[in-house]
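[1] Need coordinates for the following:
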Amino acid sequence: MEKPIIKKTNSNEYLLISNNLWIRNFTKSNFPIDINNLINKEDYPLFLENELRNTKRNIINIDSERFIIKNCVIVSDGYKFKEKMPLLKEISKNATIVGVNGSLAQWDSSIRMDYYVVNNPYKECLYYLPSRYFPPCIASSRTNPDFIFKYQNRRGRVYKYEPTPNNNFKGYGNSSWFVDDYRNPICAAINLAYRFQAEKIFLFCCDELFEDERPGSEKVKDVYMYPQHKISKSLIDGNLYWLSINDNFIAGHNTEKLVYENASYIKDEELFDFFKKEINEF
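    Now for the predicted structure:
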């Protein structure tokens, strides 16, 4: 593994990842600034409108809550998600399950999902709505307001978090702390889990792989993925880096087709033991 490139600015530490993006050390209590430019100027009006509309809803600010999440499973609807989902029935006894992306819309309601994290600002966010199962939802203040409206209308409880501001766009945020989400719900879930004292984080089907070649896709082993999803994977891995340098933390994942620098691959049959073992046993 190459020596990580880290720079200090704005009283923060930043790790360099692919595509010249920088991941802030969110484990330090300095005032957060995202030094990347991940928001297009054309989206500024939409984000501001979303924030304004969401402030009119009866949404609890997440910084007013004190959850405890020692063992966290972040579940996305990636490669072989439906095939692997039954494994979560056993995991749920030892861990807090946090869904992201399209996992909730396809969820088996016989399995407990403790929270659902969402930050999609566009209309496509409505595709993530479930038909009947509505666990507590933790949403970015910039999330599509129609999604939040429909979620609350189904008596789903919604909490709101504020994304970390950058130098070009700060929004209307007034939280006591922010979430470095990089417009990625898995990154948001990692940050939130850290806030709520996570010692283990497991990435369950947190990938964007597919078996058939598609225009613009790239081959990874015997499957394919789009370049933008490689960037997402780097963002996730970069966030895990700041946790991995802590002796009291360990991360795992179950995507055998991808290599994470800061999370260990765990086979399906070893998944239950991952949460039973003490950290010093790894």
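[2] and residue 225, what is it in contact with?
    Counting by Cβ atoms under 8 Å, 6 or more residues apart in numbering, residue 225 touches 207, 208, 209, 210, 217, 218. From N, CA and C alone the C-beta is placed, and that goes for glycine too.
[3] Drop anything exposed from these.
    In terms of neighbour count (16 or more other Cβ atoms under 10 Å), the buried residues within the contacts of residue 225 are 207, 208, 209, 217.
[4] Those into a markdown table, with extra columns for distance to residue 244, pLDDT and secondary structure?
    Below are those laid out as a markdown table (distance: Cβ to Cβ, whole Å; pLDDT from 0 to 100; DSSP: H, G, I helix; E, B strand; the rest coil):
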| residue | distance to residue 244 | pLDDT | secondary structure |
| --- | --- | --- | --- |
| 207 | 19 | 95 | coil |
| 208 | 22 | 94 | coil |
| 209 | 23 | 95 | coil |
| 217 | 29 | 95 | coil |
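[5] Where does residue 53 sit, in terms of helix or strand?
    helix 44-55 (DSSP states H and E).
[6] So which bits of that helix are buried?
    Within helix 44-55, the residues that count as buried by 16+ other Cβ under 10 Å are 47, 50, 51, 54.
[7] Which strands border whichever helix or strand comes after it, and is each parallel or antiparallel?
    Sequence order places strand 60-61 as the next helix or strand after helix 44-55, per DSSP H and E. Using DSSP bridges, the strands paired with strand 60-61 are strand 158-161 (parallel).
[8] what residues does the partner strand touch?
    54, 57, 59-63, 65, 136-141, 148, 151-152, 175, 178-179, 181, 188, 192.
[9] Those, buried ones only, as a ChimeraX selection?
    Burial among the contacts of strand 158-161 is assessed by 16+ other Cβ under 10 Å; the matching ChimeraX selection reads:
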select :54,59,62,63,137,138,139,140,141,148,151,152,178,179,181,188,192
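[10] mind listing which of the contacts of strand 158-161 are in helices?
    If you go by DSSP state H, these have 54, 148, 151, 152, 188, 192 in helices.
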